[in-house]
Each structure stands twice: as structure tokens, then as C-alpha cells.
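Asker: Coordinates for the following, if possible.
(one chain, ligands or ions: 1)
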Amino acid sequence: MKGYPQDRLHHAIKSIENVYYFDKSTRESHDRMMQEPLNTNDPEVFNIIQKEKRRQTYSLSLIASENFTSRAVSEVLSSCISNKFIQQSFRYSGDADSVDELEHLCQQRALKVYGLDPEKWGVNVRPYSGSFANFAVYTSVVEPDGRIMGTTSYSCNLDYSRLRNIADENGAYLLGDMAHISGLVAAGLVPSPFDYCDIVSTSTYKTLRGCRAGAIFYRKGVRSVDAKTGKETLYNLESLICEAVFPRLQGGRHNHSIAGLAVALKQAMTPEFKAYQVQMLANCRTLASSLIEKGYKIVTGGTDTHLFLLDLRPNGIDGVRAVKVLQDCAIGCNKSPCPGDSALHPFGLRLGTPALTSRGLVEEDFCQVAELLHRGIQLAVEIQMNMNPKSSFKEFKETLAQDKNYQNRVREIRDEVEAFAGKFPMPGMPEL
Ligand SMILES: Cc1ncc(COP(=O)(O)O)c(C=O)c1O
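Answerer: This is a model prediction of the structure:
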């Protein structure tokens, strides 16, 4: 080491060797550490995951972007496939046959699930997540001063042909981010963005029920034909998008995520998956209509999809306070702005049915879910009404935590939620 006295360096290495010498007993205990199961190897992490498993089992997740992966997907995630490091395109390592085979299988399945002709569409299954997928698209096709106009997680079906016309009038690409509805599109239950878009991105763990990853589909071949000259303009999205994913944004491939996505895509081609998606929609309509019957307002009046937004403005409570009380009652949902709201003070509650449908809940169960939700929201409204209207969220939380009556009411609802939720099996690995 330049500039460092050699004798001191030698001394430092020697003293480290004395402490960390890889002798027989250290080697044996190292080997035991490598083979030991998580519960004894790292009880702290094990206990946190067990606590989370218990929470998931005994609570009601109405978070629209959550779902439960299947056991097969979970197994893949902790498999040896994640040990393999492979740069995304450049070949620094030659022993990558199985991960290449896996990626190819995943791509084939992705095109098949959405009925896409491999001559006209390609897919990159490497994005680490939906946000990386979108960022790769922006990096590849948005020029300086270019604009991204968008909508996301909407409870009505989108009119893609209208969006296509607007894009054409402006010489723009049409990107469909189908993260929320990718399972519904796979099942053919909502209009497909593939009919009109140039690029379709998605995260893969929501209604598609894969693991945390992303994918980008892009068109290939002829983009347009000049009406006068007959000259064809070709798409050049493939290289732009694939190079944006690697080397610009990402490093080594997440083989375990690609494997998890491949397994989820296989499941997505089954009649069982389609039946699940049909049930998820029926459950969502039931939840929406039960809440409308109880006097609630839904921003879009109803729902075509797996989610909707409850407008709590007429109830005099904001989404932040409602989410807090519901969370204490073991009911999970998101706050979200209603049209006209400030994102900093949202009055909406976004509710979705993918996760609970995976656990086997059907319409009549969702009537009960609506009742439990209603009781939680009513409690939040009552607390707010008994407070100064200008009181802060911090004061709201303190009142909720300190008032014995409110705490008893929360416990009563939570006990019922836990007893109800606990009746439904939780997919995934048995222990973790
Ligand atoms: C429509 C949409 N696109 C992309 C994302 C980001 O996906 P990820 O969480 O995989 O980064 C989300 C996240 O919830 C989303 O709702």
C-alpha cells in the first residue's frame, strides 16, 4: 500500500489473522452457519417475518396493489437461481445456460399470455420493478423537453382507441402502464392496451400475482406507412429499450425474479387463474355496492376493475385519519386524493380486492368486509367530530391512543377482523 509503512501494515494483517484465523473449528462452525435454518441462524429476522406472517394472516388487506404470491413463486424466490450473477448482455461469464434458458422461457410465456405475435412484439423481462420499467421507457423514448402525460390505477376501463388518436395527432408514442390490471388483461376481462399501444409496461406482483419485478413489451416491425409514397417507417424500440434497461439503469439480472415471473405467467394461462380474476371483479363490485348501500360515495360511481376510490369528503373525515383507524383495526387500505383534492391532504380511500380474493373470499364475505370497514370509518368520523375541526393528525392519533373508549372500540373491531380473516388460508410457504 503506497505511503503506508510496510512494518505497520504487516503487523495489522498479522493481528487480524490472529483473531480471524480460519482454523478447523472456525471452518466447521462457518459450515454450520451456512447450513442452519433461519429460525436458529437469525432468530431476530425470523421473528420479524413470523410477526409479519401473523399480521397478514389475521388482517384484511384491501390494498389494491397487494397480492399473495403462490407457494411455487415463493419457492423460486429463495432458490439457488439467485446465486448466479450474470451481466445483462455482455458475457463476462460463460456458464449462464440455465439463466438464459429461463429468461427465454419467461419471454415466450409473457408473449403467449397476452396473445402477442413474436414478429410484432418483443418483451424485456429484466426490469427490477415496475418503476424501473417505466424509467427505462422514459429514458429510451422521451426526448429533451418531451412530456409524459399519464393516468394510473383507475377504476374504469380506459378507452385506448381515443388515447391512440390523441397520440397520433401529436406524433407521440402511446405507453400503457398496465401494472394494476395486468392479471385482468391476461384473463381477457378488460380492454387490452396491446391493441393500441406502442409500449406496454407493467409491474408483476399486483393482479398478475407474480413476484416483485417488472416487464416492458414493445412493438417491432412497421410503425407507419406513408400514404403517398408507401414508404415504411420501422419501430426501433427494441434496442432503445433494452439498452436503457442494461447497461444504463441496471446491473446483474435478478434471475430469481425472472423465474418467479415465469411461474406466475404459466399460472396466468390456466382456467383457474381466469376464474380467480372473474371472482376478484365480482368481489369488487360487491364491496362497492355494499358501501354505496351504506351511504358512501364512490368517485367513479362504481367500478369496472379490481379497485375503486371512496370519497370521504361527505363523511367529514380525510383518508389519512380513516387509514389510521382502519389500520389499528387490522384493515389495510390506502389514502388517495379524490379529484380536486390536494395530494398532501387526500380525502379518498382506495380499496381493492386482489389479495383477499387470493385467500378465497367470495361476494358474501365481502358484504362482511364492507360492514367491518364501515364500522372502522364510523369510529374515525366519531373521533374527528368530537375534536376541534382544526386539530392536527398528530392530535388525532394521540386522542385515539389515549382514549379508553376509543381503544376498546378499536379492539372490538380488530378482534372481529382477526377472527374473520383467520378463517381464510394464506397462500405461500407454510412457515414464512
Ligand atoms: C401503475 C403503476 N405503475 C408502476 C408502479 C411501480 O411498480 P414497482 O412497485 O414494481 O416499482 C406502480 C406501483 O404501485 C403502479 O401502481
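Asker: Excluding sequence neighbours, find me the nearest residue to Asp304.
Answerer: Asn157 (4.6 Å; C-beta to C-beta, 6 or more residues apart in numbering). (C-beta placed from N, C-alpha, C; glycine too.)
Asker: could you list every residue that touches that neighbour?
Answerer: By C-beta atoms under 8 Å, 6 or more residues apart in numbering, the contact set of Asn157 is 190-191, 304-305.
Asker: Please spell out the ChimeraX selection for the buried subset of these.
Answerer: Selecting only the buried entries of those in ChimeraX, with 16 or more other C-beta atoms under 10 Å as the criterion:
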select :190,191,304,305
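Asker: Just flag the most distant two among the contacts of Asn157.
Answerer: When C-beta to C-beta is used, the two most widely separated members of these are Pro191 and Thr305, lying 10.9 Å apart.
Asker: Please identify the helix or strand for Ile216.
Answerer: strand 214-219 (DSSP states H and E).
Asker: average model confidence for that strand?
Answerer: Across strand 214-219, pLDDT averages out at 98.
Asker: Other residues contacting it?
Answerer: Residues contacting strand 214-219 (C-beta under 8 Å, 6+ apart): 110-111, 114, 116, 120-125, 127-134, 136-137, 194, 198-204, 235, 237-238, 241, 245, 261.
Asker: Going along the chain, name the strands of the stretch 301-432 of the chain.
Answerer: Taking DSSP state E, counting those that start in this stretch, the strands of the stretch 301-432 of the chain run over residues 307-311, 331-332, 334-336, 348-352.
Asker: Mean neighbour count for the ones you listed - can I get that in TSV?
Answerer: Shown next, in TSV, are these (neighbours: other C-beta atoms under 10 Å):
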stretch	mean neighbour count
strand 307-311	25
strand 331-332	22
strand 334-336	20
strand 348-352	27
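Asker: Dump these to TSV, plus distance to Arg359 and mean pLDDT.
Answerer: Formatted as TSV, these follow (distance: least, C-beta to C-beta, whole Å; pLDDT from 0 to 100):
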stretch	distance to Arg359	mean pLDDT
strand 307-311	17	97
strand 331-332	13	98
strand 334-336	19	96
strand 348-352	13	97
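Asker: Provide a list of residues in contact with Gln384.
Answerer: By C-beta under 8 Å, 6+ apart, the neighbours of Gln384 are 316-317, 321, 396.
Asker: And for the residue in the chain that the ligand sits nearest to, the neighbour number?
Answerer: Closest contact between the chain and the ligand, by C-beta to the nearest ligand atom, is at Gly130 (2.5 Å). Using other C-beta atoms under 10 Å as the criterion, Gly130 is surrounded by 25 other residues.
Asker: Return the distance of it relative to Ser257.
Answerer: Distance from Gly130 to Ser257, counting by C-beta to C-beta, to the nearest Å: 12 Å.
Asker: can you count the residues close to the nearest residue to Ala259 once chain neighbours are set aside?
Answerer: Excluding the flanking residues, the one nearest Ala259 by C-beta to C-beta, 6+ apart is Val76, at 4.4 Å. Val76 has 25 neighbouring residues, counting by other C-beta under 10 Å.
Asker: Just list what the helix or strand where Val76 lies packs against, helices and strands only.
Answerer: Here Val76, judged by DSSP H and E, is contained in helix 71-77. The contact analysis (3 or more C-beta pairs under 8 Å, 6 or more residues apart in numbering; DSSP states H and E) places helix 71-77 against helix 255-268.
Asker: How about the residues of this structure by the ligand?
Answerer: 65, 129-131, 134, 152-153, 177, 179-180, 203, 212, 214 (C-beta under 6 Å from any ligand atom).
Asker: would TSV of those with distance to Tyr276 be doable?
Answerer: Putting these into TSV (distance: C-beta to C-beta, whole Å) gives the following:
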residue	distance to Tyr276
Ser65	17
Ser129	23
Gly130	21
Ser131	26
Asn134	26
Thr152	23
Ser153	20
Asp177	22
Ala179	18
His180	16
Ser203	18
Arg212	20
Gly214	22
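Asker: Show the low-confidence segments of this protein, by residue range.
Answerer: Within the chain, the segments meeting pLDDT under 70 span 1-4, 14, 17-18, 88-94.
Asker: How is it divided into domains?
Answerer: Annotated domains of the chain cover 76-268, 271-421 [automatic domain parsing].
Asker: ok, the nearest residue to Glu418 once chain neighbours are set aside to Ile377 distance?
Answerer: Of all residues not flanking Glu418 in the chain, Tyr58 sits nearest, at 4.2 Å (C-beta to C-beta, 6+ apart). From Tyr58 across to Ile377, the span is 20 Å (C-beta to C-beta).
Asker: In terms of neighbours, single out the busier of the two.
Answerer: Ile377 (24 against 16).
Asker: can you tell me how far the closest residue to the more buried one other than its chain neighbours sits from Lys390?
Answerer: Distances taken as C-beta to C-beta, 6+ apart place Ala322 nearest to Ile377, at 5.5 Å, with adjacent residues excluded. Shown here: Ala322 relative to Lys390, a distance of 18 Å by C-beta to C-beta.
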